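A.B. asks: Following is a predicted model, sequence given first.
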Amino acid sequence: KAPAKLNLRLKVTGVRPDGYHELVSVMVPVSLFDVLELTTAPPGVLDLTCDGYAVPADESNLVWRAVHAFSEKTGVDAGLRIRLVKNIPVAAGLGGGSSDAAAVLLCLNEVGGRPLSGQDIHRLATGLGADVPFFLGCRPSLARGIGDVLEPLDHWPGHHYVIVTPRLQISTAWVYRRLRLKELTRDEYH
């Protein structure tokens, strides 16, 4: 299972030279899950099928990219058949694709006898996307940097959340490209 997450607080504090936005956020996992089923296939074969919410089943999918990043880093080109059941709404800010990528990285590392250290996995995760590292530990955290510098919030109270997503889908990249930083980060109380 790959859980969704909520950003309970998100403040964009700047833009880096590489185009990523610096932020401070409180992220929490929630009990809404995508499901990934991984089975072996002949060496060099990667077969990804997707059910549920519509997502691409090709190299643009973060699951696909996670498998290739892991293979490139370890030199292991094992064959895989992956069935992804998308229960997390797409383009809703819930991190479903990032969670799926993190789940695949962790699974491949575990099944492969842990060839990568936690630090190596974190670097691979960050290379795939800013939210991916959160899902490696998947616990309430204060996120800084691009979302990859995480400080666990050990005493986070248990809450119930109601998630409502409109039919409108907006990608995170689209939102950040149109962000007016000066307007969003001015004094919040005016």
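C.D. replies: Cool, the structure landed.
A.B. asks: rest of the way, CA atoms for contacts and neighbours
C.D. replies: Will do.
A.B. asks: Tell me the secondary structure at the closest residue to R16 other than its chain neighbours.
C.D. replies: Using Cα to Cα, 6 or more residues apart in numbering and skipping the chain neighbours, the partner closest in space to R16 is E22 (6.8 Å). Under DSSP: H, G, I helix; E, B strand; the rest coil, the three-state class of E22 is strand.
A.B. asks: Now do the helix or strand hosting R123: which elements does it pack against?
C.D. replies: Element membership for R123, per DSSP states H and E: helix 118-128. Here helix 118-128 touches helix 62-74, helix 96-111, going by 3 or more Cα pairs under 8 Å, 6 or more residues apart in numbering; DSSP states H and E.
A.B. asks: rerun that using 6 Å as the cut-off
C.D. replies: Helix 118-128 sits against no helix or strand, with contacts defined as 3 or more Cα pairs under 6 Å, 6 or more residues apart in numbering; DSSP states H and E.
A.B. asks: That helix: which residues count as buried?
C.D. replies: Buried positions in helix 118-128, judged by neighbour count with 16 or more other Cα atoms under 10 Å: I121, H122, L124, A125, T126, L128.
A.B. asks: The third one - nearest residue in space that isn't next to it in sequence?
C.D. replies: Spatially, and ignoring its direct neighbours in sequence, L124 is nearest to A69 (6.8 Å; Cα to Cα, 6+ apart).
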